[in-house]
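Novice: Fold the stuff below for me.
(one chain, ligands or ions: 2)
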Amino acid sequence: MEAELDTKDFIVIDNGTGYIKAGYSGEDAPKIVLPTVMSVVESQEQGKSKTMYSGADIDLKNPETPLFYPIDRGEIKSTEQDWECMSFIWEHIIKNLMQEELNSVNVLITDSILNTRENRQRMAQVFLETLGVNSLGIMPAPVLSLFSIGKTRGIVVDVGCGLTSIVPIFEGFALPHAIHKIPLAGNDITTFIHQKLSAHLKPTQMFLSRSIAEDMVVVPLQYRKGQELLSEDKRFYELPGGKIINVDQDILANAAEILFKPSIIGQDIKGITDQIVESIMKCDSDLKPDMYGNVVLSGGSSMMKGFHERVEKDIKNRLEGVSNNDIKVHADSFRQHAAWIGGSMLASLSTFGQFMTIKKEEWENDPNMKPSLIHKYSF
Ligand SMILES: Nc1ncnc2c1ncn2[C@@H]1O[C@H](COP(=O)(O)OP(=O)(O)OP(=O)(O)O)[C@@H](O)[C@H]1O
Ligand SMILES: [Mg+2]
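Specialist: Ligands and ions are numbered 1, 2, ... in the order given. Next up, the predicted model:
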């Protein structure tokens, strides 16, 4: 049965570099997962007017299609055009895909961790003024990911398309001094594979490299160059049209290692496990057991085969003076959409709508109060 929108219900929107997830509060999974991309086509017939398309309506395989990606490494970019894109995509989701009236919906939107107050205010402006929604809640995505497994203390390791964030959280609040952001994630793995297979794949066939990354990359417990990763037949990948290509073991082995050893793609930064351990070490001593006992994986790229086991093994090897039995890495099967699911759970609590959202009347009441409203409702 289709969900009916009650005035107390929320539309939950998780903004991602690669995909926006949207759906109704209280549901188990997002109703819509839309690529975060927009296209603007100058239409001659309509007197040179612009037609904007988003997500599934775009012909992503046509090299002529101009594409705009408004989110970069987890954050909405700063130009007017990027905000116009976001506003268009959000409106398209609520009005066309969810068929709801903008002025009667309540929205919970995820925020990237350590976002600036200015950006948050701009987000509120788009929703409460441009789109005119009823009320708006803004929550950091990692806090919601933790909430999705019923916890309020722990360290969230979110690996998405554009960004890996490592966020220790205590009683629902992120600990800013210990947050690590790594500008590496699924897109970097896909791009690496695409470059290595450029003899077989066209520039517009990035979606094939993504599918190779999702299906064939296996993170080993320990890195060994050129190891046997999969049985012999699995090294072959069938392209559309039936051509079969041989994907070299070395390409897959290195792709699997990018997050652990960023130097593979020339990045002079520490790998993910070192950064998780450093983040835990920055927490107060009495909070540390809550952190290493609750390492929570989230985001699509944390679904990579073998990723969970490798992270757990590496943390156990590197965290000195802690018994292995006390270290726990949670990898729930729904973790790809953990932030959205946590948002869905939180927004279905009556206290959320009452105490944790900005109401349109409040926002419109006194323009000078906008910064303090953002401050009051930032969690
Ligand atoms: N089973 C899988 N194995 C490996 N990678 C996967 C799998 N499923 C999804 N991914 C990858 O996860 C990424 C999408 O994850 P997600 O939706 O969490 O990112 P996002 O929220 O758009 O980005 P970000 O959080 O970085 O802003 C893509 O790179 C995709 O290829
Ligand atoms: Mg994300």
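
Novice: So which bits of this structure are right by ligand 1?
Specialist: Proximity of the chain to ligand 1 (C-beta under 6 Å from any ligand atom) is limited to residues 16-19, 74, 160-163, 185-187, 190, 210, 213-214, 299-301, 303-304, 336. Where you see a C-beta, it was placed from the backbone N, CA and C, and this is true even at glycine.

Novice: Could you tell me which of these belong to strands?
Specialist: Counting by DSSP state E, the part of those found in strands is residue 19.

Novice: Go through the residues of the chain next to ligand 1 and flag which are in helices.
Specialist: Per DSSP state H, helices hold the following members of the residues of the chain next to ligand 1: 186-187, 190, 210, 213-214.

Novice: Could you check how many residues crowd around whichever residue of the stretch 151-300 of the chain sits closest to ligand 2?
Specialist: The minimum distance from the stretch 151-300 of the chain to ligand 2, using C-beta to the ion, falls at residue 160 (3.7 Å). Look at residue 160: counted by other C-beta atoms under 10 Å, it has 26 neighbours.

Novice: how many neighbours does the nearest residue in space to it that is not next to it in sequence have?
Specialist: Distance criterion C-beta to C-beta, 6 or more residues apart in numbering; nearest residue to residue 160, sequence neighbours excluded, is residue 299 at 4.2 Å. For residue 299, the neighbour count with other C-beta under 10 Å is 27.

Novice: Please report how far the residue of the stretch 151-300 of the chain closest to ligand 2 lies from residue 358.
Specialist: 26 Å (C-beta to C-beta, to the nearest Å).

Novice: Check residue 155 too.
Specialist: 29 Å.

Novice: for residue 143, same thing?
Specialist: Going from residue 143 to residue 358 by C-beta to C-beta gives 17 Å.

Novice: Same drill for these two, tell me which one is more crowded.
Specialist: Ranked by neighbour count (other C-beta under 10 Å), residue 143 and residue 358 place residue 143 first, with 23 against 19.

Novice: wouldn't the more buried one be in contact with residue 172 here?
Specialist: Yes - counting by C-beta atoms under 8 Å, residue 143 does reach residue 172; the two are 6.0 Å apart.

Novice: quick one: common contacting residues for those two?
Specialist: residue 379 (C-beta atoms under 8 Å, 6 or more residues apart in numbering).

Novice: what about the closest residue to residue 136 other than its chain neighbours, how many neighbours?
Specialist: Among residues not flanking residue 136 along the chain, residue 127 sits closest, at 4.8 Å (C-beta to C-beta, 6+ apart). Residues contacting residue 127 under the criterion other C-beta under 10 Å number 27.

Novice: now do residue 253
Specialist: If you count neighbours by other C-beta under 10 Å, residue 253 ends up with 21.

Novice: any idea how far ligand 2 is from residue 31?
Specialist: For residue 31, the distance to ligand 2 equals 17 Å [C-beta to the ion, to the nearest Å].

Novice: Phi first, then psi, for that residue.
Specialist: Backbone torsions of residue 31, given as degrees, to the nearest 10, read phi -80, psi -30.

Novice: check contacts around it.
Specialist: Going by C-beta under 8 Å, 6+ apart, the list of residues near residue 31 reads 22-24, 97-98.

Novice: Flag the least confident of the residues you listed.
Specialist: In terms of pLDDT, residue 97 ranks lowest among the contacts of residue 31, with 92.

Novice: For the spatially closest residue to that one that is not a sequence neighbour, give the beta-bridge partners.
Specialist: Leaving out its chain neighbours, the residue that sits closest to residue 97 by C-beta to C-beta, 6+ apart is residue 32, at 5.3 Å. Beta-bridge partners of residue 32, counted by DSSP bridges, are residue 22.

Novice: Give me the three-state assignment for the residue nearest to residue 136.
Specialist: helix (DSSP: H, G, I helix; E, B strand; the rest coil).

Novice: Surely residue 267 and residue 184 touch.
Specialist: Yes - the pair residue 267 / residue 184 is scored as a contact, 6.5 Å apart, by C-beta under 8 Å.

Novice: more crowded one of these two?
Specialist: Ranked by neighbour count (other C-beta under 10 Å), residue 267 and residue 184 place residue 184 first, with 22 against 15.
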